[in-house]
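Engineer: I would like to see how this sequence folds:
(chains A and B)
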Amino acid sequence: MNIEEFEQKALNYFKGNLSSQEEKVLFHLIDENVTKKQHFEDLKRIWNATTADKMEAPDEALKKSFYNMLAMHQFEDEKPKSVLQKLEVFLNDLTQYKRIGQFAMALTIALVSGYIGFQFNSNNSQQKIQSYAQKVDDLNTELATTQLKSASTSDRIQAVNTLGSINLNEDVIVKKLVNKLLYDDNLHVRMAAGKSLLAFNTNAEVMPAIIKAIRTETELLVQATLIDILITLDKNTAIKEIYRIYENESSSPELKTIYQSILESENI
Amino acid sequence: MNLSDEFMMQKVKEGDVDRLALLFERYHLELYNFFLKFSRDRDLSSDLTQNVFYRILKYKNSYKSHKKFRTWMYMIARNTRIDAFKKNKISHQSDDLETLTSFEADQLSELETKESSALIKKALALMTHEKRELVIMNFYLDMSTTDIAGVLEISENNTRVRLHRALTEIRSIYNKIAQQ
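Structural biologist: Down below sits the predicted model:
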């Protein structure tokens, strides 16, 4: 074993990387040769010293600057070369957004729509424009869906109003509206959801949902609105529901008076 | 799920640069200490560590997936260190013992100088850059001769010879300052 190999064997021994057989060979060499023994002891001291010289942690600033650099790099990578490309990148970002506020998103939709109009006028890049128009639709859908979960009542009202006109599967929209009609905490949102459901009057889910809402609704104003909607959807069913409320002993005298007037106004 | 360094770096190369964050978390401490053991300068070590990751991003397309990421990263680290030393006109000669003693006097307490970790720091500072680098890679970073050969782009035999020279030098310096 030459000196270079001996050194590496010694280091591997310190690192615990030697098999028992290799260790035997190494110690045999050390026991037989005084120079090698001295060499081994020197290396051991240095090894122990480097082990004692522990790793030190860098300042937190290093992490911050790394993550800043990463963000900058991503930005540079995505930096578009034309206005259209810029718009494309921006819209792609927005579609997976959740990082921007709803107001900013609504503003974006307005701006992008304006830009699309301008592009149509300038008769430029029609295919791209169509793709952006589709993205604006997607954004509208995304916005409405997000607004439905918003803490703000006006956002939720706006969302249920928008849901009637967006490009989304009808069953999905109805499901979302029914959910708001039955479970939203705010009476105005529940009313708006009921009114929006009118646009889907042929959907099989709508009528049972309205009836269920009438029976569970605790707010007189909402219940009256729903009765009104039900009359539009199906007068006979509405009459049955009104009689059910009218004859219910637990219904308040005020409620009965109101429904009596509805029945009279409908010549029922 | 494949979380190997090489897989992550391949993803970075393909444009998924977020994955670099994982490699940064794995290696920034080690890299920082590679520079720190070399230079004894915290700010410089932080800058150089940052610079390595910057270069990884910049030259991501030159990464070959069959190459060990750690080896490739230390090739970059080594070049980064050499470039910085050139730029800052940091001498490639080692410190002499007298300069070092005065330089470190305010950094190391009396007690510390008696400790082996302080001795090894001094010994490293007295080595030539080339040999110091080898000792750091072999002792501190636990790199095998194969890995070191990969970083230096030389044969394993050549690496073993250079390591032997480096070890001879550090033995001599360490014994000398330990006796003082």
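
Engineer: so where's chain A shaky on pLDDT?
Structural biologist: Within chain A, the stretches with pLDDT under 70 are A:75-140, A:143, A:164-167, A:252, A:254-255, A:258, A:262-263, A:265-268.

Engineer: which bits of it sit near chain B?
Structural biologist: Proximity of chain A to chain B is confined to A:3-5, A:7-8, A:11, A:15, A:39, A:42-43, A:45-50, A:52-59, A:61-63, A:65-67, A:69-70, A:73-74, A:77 under the rule CB under 8 Å from any CB of the partner chain. Placement of C-beta: from N, CA and C, glycine included.

Engineer: mind giving me the ChimeraX command for buried ones among those residues?
Structural biologist: Remark: buried members of those, expressed as a ChimeraX selection using 16 or more other CB atoms under 10 Å in any protein chain shown:
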select /A:4,7,8,11,39,42,43,45,46,47,49,50,53,58,62,63,65,66,69,70,73
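
Engineer: wait, does stretch B:56-65 contact chain A?
Structural biologist: Yes - applying CB under 8 Å from any CB, one finds stretch B:56-65 in contact with chain A at B:Leu57.

Engineer: list the buried residues for that stretch?
Structural biologist: Residues of stretch B:56-65 classed as buried: B:56-57, B:60, B:63 (neighbour count, 16+ other CB under 10 Å).

Engineer: what mean pLDDT does it have?
Structural biologist: Stretch B:56-65 comes out with an average pLDDT of 91.

Engineer: how about stretch B:138-146?
Structural biologist: Rounded mean pLDDT across stretch B:138-146 is 91.

Engineer: show me where the chain has its helices.
Structural biologist: Going with chain A. Under the criterion DSSP state H, chain A carries helices at the ranges A:3-14, A:20-32, A:34-52, A:60-78, A:83-95, A:102-121, A:126-148, A:153-163, A:170-183, A:187-197, A:206-216, A:220-233, A:235-247, A:253-265.

Engineer: if you could check chain B rather than the one you did, that'd help
Structural biologist: B:5-13, B:20-39, B:42-58, B:69-87, B:97-105, B:110-113, B:116-125, B:129-135, B:145-152, B:156-179.

Engineer: return the most buried member of those helices.
Structural biologist: helix B:116-125 (a mean of 23; mean count of other CB atoms under 10 Å in any protein chain shown).

Engineer: what mean pLDDT would you report for that helix?
Structural biologist: Rounded mean pLDDT across helix B:116-125 is 85.

Engineer: the nearest residue to A:Ile3 once chain neighbours are set aside and B:Phe7: what is the separation?
Structural biologist: With sequence-adjacent residues excluded and distances taken as CB to CB, 6 or more residues apart in numbering or on different chains, A:Ile3 is closest to B:His164, at 6.1 Å. As judged by CB to CB, to the nearest Å, B:His164 and B:Phe7 stand 36 Å apart.

Engineer: B:Ile120 and A:Thr50 touch, don't they?
Structural biologist: Yes - here B:Ile120 reaches A:Thr50: they are 5.6 Å apart, a contact under CB atoms under 8 Å.

Engineer: find the residues that touch each one of those two.
Structural biologist: Common contacts of B:Ile120 and A:Thr50, defined by CB atoms under 8 Å, 6 or more residues apart in numbering or on different chains, are absent altogether.

Engineer: about what we covered before: and the helices of chain A: which comes nearest B:Asn88?
Structural biologist: Closest to B:Asn88 of those, according to CB to CB: helix A:60-78, at 18.9 Å.

Engineer: all set now, cheers.
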